[in-house]
Every structure is written in C-alpha cells, then in structure tokens.
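> Predicted coordinates and the sequence they were generated for:
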Amino acid sequence: MFLGPVIGIVVTALSSLVKNFSPEVALALYSAAIVGFPLGCLGRRKELREKTLDMAENGQSAKNAWSKGLQQQLVVVIIVVALVGSWLSMAS
C-alpha cells in the first residue's frame with residue numbers, strides 16, 4: 001500500500017527526465033492521476049462497501065460485480081484524466 005505513491009513519484013520523476021517534461025508538468029500529470037481515480041468512485045461508497053464485503057465472504061462472482069453506472073463513471077474519469085494529461089504534456 002505504501003509503495004504505490006512512492007513508485008508513482010519515481011516514475012513521474014524518471015518520465016520527466018526521459019521525456020524532457022518540466023517538473024511542473026510532471027507534477028500536474030501525477031496529481032491528475034492521483035486525484036482522478038478517487039473521483040471516479042465519488043458517491044459510490046455504499047455500493048463499493050457492499051460489493052467488497054460480499055466478495056470477502058463469498059469470493060468473486062457475477063453477483064458482486066460493479067454496476068454499469070460505476071463502470072461508466074470510472075471510464076469517464078480515466079478518459080478525462082488522459083485528456084488533461086495530453087493537454088498538459090502539449091503545453092510544455
């Protein structure tokens with residue numbers, strides 16, 4: 001759990017060096033990615049809790065799959081984060 005952000009910072013620093021991004025652009029891309037995924041689950045706490053508890057008790061099945069609304073919400077957020085990242089990388 002702790003290594004995720006650390007690995008993200010290392011990858012961000014290395015990609016800014018390799019791709020010649022300024023540190024400001026690399027930090028903006030990293031921040032957008034970090035903020036994007038929690039935003040994708042915003043308002044879905046009850047569903048996520050129920051699905052997680054059901055998965056812990058019964059294992060993974062079609063019954064405890066994510067709803068279409070949650071899946072669509074996550075896809076939209078991933079697309080928006082990718083677009084923002086593309087826009088920020090072109091601005092440099």
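Yes, it's here. In this text the structure is predicted, and so the values were computed from the model without any measurement. Numbering: from 1, shown residues only.

> Residues contacting the helix or strand where residue 11 lies, please?
The secondary structure element spanning residue 11 is helix 3-18 (assigned by DSSP states H and E). With CB atoms under 8 Å, 6 or more residues apart in numbering as the test, helix 3-18 has contacts from 21, 22, 23, 25, 26, 27, 29, 30, 33, 34. (Glycine included, C-beta is placed from N, CA and C.)

> Helices of this structure, residue ranges please.
According to DSSP state H, the chain carries its helices in the segments 3-18, 23-40, 45-58, 68-91.

> tell me the mean pLDDT for the last one?
Helix 68-91 shows an average pLDDT of 81 in the prediction.

> CA atoms only for it - export them in PDB, please.
What follows is helix 68-91 as a C-alpha-only set of coordinates in PDB (Å, rounded to 0.1, in the frame of the first residue of the first chain):
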ATOM      1  CA  LYS A  68     -22.800  -0.300 -15.000                       C
ATOM      2  CA  GLY A  69     -23.000   3.200 -13.500                       C
ATOM      3  CA  LEU A  70     -19.800   2.800 -11.500                       C
ATOM      4  CA  GLN A  71     -18.000   1.300 -14.500                       C
ATOM      5  CA  GLN A  72     -19.100   4.200 -16.700                       C
ATOM      6  CA  GLN A  73     -18.100   6.700 -14.100                       C
ATOM      7  CA  LEU A  74     -14.600   5.200 -13.800                       C
ATOM      8  CA  VAL A  75     -14.200   5.100 -17.600                       C
ATOM      9  CA  VAL A  76     -15.200   8.800 -18.000                       C
ATOM     10  CA  VAL A  77     -12.800   9.800 -15.300                       C
ATOM     11  CA  ILE A  78     -10.000   7.800 -16.800                       C
ATOM     12  CA  ILE A  79     -10.700   9.400 -20.200                       C
ATOM     13  CA  VAL A  80     -10.800  12.900 -18.700                       C
ATOM     14  CA  VAL A  81      -7.500  12.300 -16.800                       C
ATOM     15  CA  ALA A  82      -5.900  11.100 -20.100                       C
ATOM     16  CA  LEU A  83      -7.100  14.200 -21.900                       C
ATOM     17  CA  VAL A  84      -5.900  16.500 -19.200                       C
ATOM     18  CA  GLY A  85      -2.500  14.700 -19.200                       C
ATOM     19  CA  SER A  86      -2.300  15.000 -23.000                       C
ATOM     20  CA  TRP A  87      -3.200  18.700 -22.900                       C
ATOM     21  CA  LEU A  88      -0.600  19.400 -20.100                       C
ATOM     22  CA  SER A  89       2.100  17.500 -22.000                       C
ATOM     23  CA  MET A  90       1.400  19.500 -25.100                       C
ATOM     24  CA  ALA A  91       1.600  22.800 -23.200                       C
END
